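Peer 1: Coordinates only, no sequence provided:
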């Protein structure tokens, strides 16, 4: 965050000291002062319903007047919230236009300074967001009742555009890359002067470019807060009540989807790093088809035709199951032995007893059967509860694939290549010198894969601070190949 920006969180009361600029105000929180987006705060006067003492003291003769005043007060509150939503959307559109016209358009004129790839890294898909937001604001304006604003029906607009808001996921996921690239460029004076010239020509407030680019990340998390406020002042009999209620639920789901996608993308570096540590890897990279570790553990694989038993480590990802062999001497080393395509596969729960295909007695067993090729894998767990955990994991894998298809989640070729490049660089550094043997074993050659990293919140203004990572606490559970 820029030194002149004011940091605050949801619920903070900001003292506004300068509101001459419509978009950015200067304010104070506790001992800190700085600029903050005017569209991301609400005046306290709008937050609570005023109580009229005279009405409370009135007798029966004034009951009807008091009721009318109360309803009028609620209508005014709803009007205030609706006006705020429209006002902040108009300001946000201007903010996006300033970035697209004031920065991106000027950058494209300087091909000697910026490549298209650099511009994509810095600005992400903000031009797509700008187009979608213009359509959204147009829909809001059409639903706005200018004569009686409290009767406006805005809920349907959010429901109609909820799929469009998912494009914020790409922007939020790319934002850290934008910050890194901007930090690199602004170490050179010519870029500092160029960005400052863009800001001045567009007559934008004195905030650095990375501050402006943070706005969409903050904006997507403000919608649930605004809708919750709108629902608060929408009576159940209002025509907009059900739509606002559904819109609040929908926008919470959008924010949750963005956070989940961010977590998944944070996970791909770990997966690439894990793959690079596996000896004798064959075939395509894991990230070509997979992006999530569902479950892992040790199983006995019974192979044909001699019904030979093999102890193997299995790692269940979305779309595929990888199995490896432990090194006999160095148990922290794994050798790639094969993979099973989970798409189109049937998981068959087997009863304890003699297997009719291999004619061998099995216990805690299940079979992976491919209907198209007839390929079969007989696997046995040590305990019944371990078998049940695997069966549940296979069900979760199919559910994960289904959800990814519904939401359109995928890893881009650029993201995959970058993750593999990062992993190869780390692998090239090799074992650090002057490390004791016990410490090296504790680190492991191949890092454990987290089943679920804690969700990275998109916006600290609307969400609690991120909790400490549980990755190292769960490493022993997720890495059974450790000593």
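Peer 2: On my side now, so go ahead. Because the structure is predicted, anything quoted here is derived from the model rather than measured.
Peer 1: domain ranges for this structure?
Peer 2: 1-41, 77-268, 276-478 (automatic domain parsing).
Peer 1: Surely residue 210 touches residue 180?
Peer 2: No: contact criterion Cβ atoms under 8 Å: residue 210 and residue 180 do not qualify, at 10.2 Å. Just so you know, the C-beta spots here come from the backbone N, C-alpha and C atoms, and that holds for glycine as well.
Peer 1: winner for burial among the domains of the chain?
Peer 2: domain 77-268 (a mean of 17; mean count of other Cβ atoms under 10 Å).
Peer 1: circling back: could you dump the domains of the chain into CSV with mean pLDDT added?
Peer 2: Putting those into CSV (pLDDT from 0 to 100) gives the following:
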stretch, mean pLDDT
domain 1-41, 76
domain 77-268, 93
domain 276-478, 77
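Peer 1: how far does stretch 322-340 sit from the chain's center?
Peer 2: Computed by Cα atoms, centre = their mean, to the nearest Å, the chain-centroid distance of stretch 322-340 equals 33 Å.
Peer 1: cool, stretch 125-144 as well?
Peer 2: The answer for stretch 125-144 is 22 Å, by Cα atoms, centre = their mean.
Peer 1: what comes into contact with that stretch?
Peer 2: 82, 85-86, 89-90, 92-93, 96-97, 99-100, 104, 152-154, 156-157, 160-161, 164-165, 167-168, 170-171, 174, 213, 216 (Cβ atoms under 8 Å, 6 or more residues apart in numbering).
Peer 1: Please enumerate the strands of the stretch 251-400 of the chain.
Peer 2: 293-303, 308-317, 320-326, 334-341, 345-349, 353-354, 361-362, 365-370, 376-380 (DSSP state E, counting those that start in this stretch).
Peer 1: Now do the last one: which elements does it pack against?
Peer 2: To tie it back to what came earlier, the one meant is strand 376-380. Packing contacts for strand 376-380, counted by 3 or more Cβ pairs under 8 Å, 6 or more residues apart in numbering; DSSP states H and E, involve strand 293-303, strand 365-370.
Peer 1: repeat that for 10 Å
Peer 2: strand 293-303, strand 308-317, strand 320-326, strand 334-341, strand 345-349, strand 361-362, strand 365-370, helix 384-407 (3 or more Cβ pairs under 10 Å, 6 or more residues apart in numbering; DSSP states H and E).
Peer 1: Within the sheet, what are the partner strands of that strand, with directions?
Peer 2: strand 293-303 (antiparallel), strand 365-370 (antiparallel) (DSSP bridges).
Peer 1: Spit out the residues that contact residue 210 and residue 180 alike.
Peer 2: residue 122 (Cβ atoms under 10 Å, 6 or more residues apart in numbering).
Peer 1: Including distance to residue 142, could the strands paired with strand 376-380 go into TSV?
Peer 2: Shown next, in TSV, are those (distance: least, Cβ to Cβ, whole Å):
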stretch	distance to residue 142
strand 293-303	45
strand 365-370	53
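Peer 1: Please, which helix or strand holds the residue nearest to residue 89 when sequence neighbours are not counted?
Peer 2: Distance criterion Cβ to Cβ, 6 or more residues apart in numbering; nearest residue to residue 89, sequence neighbours excluded, is residue 137 at 4.9 Å. Secondary structure from DSSP states H and E places residue 137 in helix 126-143.
Peer 1: Tell me the helix or strand right after that helix.
Peer 2: helix 155-161.
Peer 1: picking that back up, and the strands of the stretch 251-400 of the chain: which comes nearest residue 406?
Peer 2: Closest to residue 406 of the strands of the stretch 251-400 of the chain, according to Cβ to Cβ: strand 293-303, at 17.5 Å.
Peer 1: what angle sits between that closest one and strand 334-341?
Peer 2: 90 degrees (axes from the mean of the first three to the mean of the last three Cα atoms, to 10 degrees).
Peer 1: what about residue 310, distance to residue 300?
Peer 2: Noted for residue 310: a distance of 7 Å to residue 300, by Cβ to Cβ, to the nearest Å.
Peer 1: ok so, going back, redo the helices and strands packed on strand 376-380 as JSON lines? Include distance to residue 129.
Peer 2: Listed next are the helices and strands packed on strand 376-380 as JSON lines, based on distance: least, Cβ to Cβ, whole Å:
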{"stretch": "strand 293-303", "distance to residue 129": "31"}
{"stretch": "strand 308-317", "distance to residue 129": "32"}
{"stretch": "strand 320-326", "distance to residue 129": "34"}
{"stretch": "strand 334-341", "distance to residue 129": "37"}
{"stretch": "strand 345-349", "distance to residue 129": "39"}
{"stretch": "strand 361-362", "distance to residue 129": "55"}
{"stretch": "strand 365-370", "distance to residue 129": "43"}
{"stretch": "helix 384-407", "distance to residue 129": "18"}
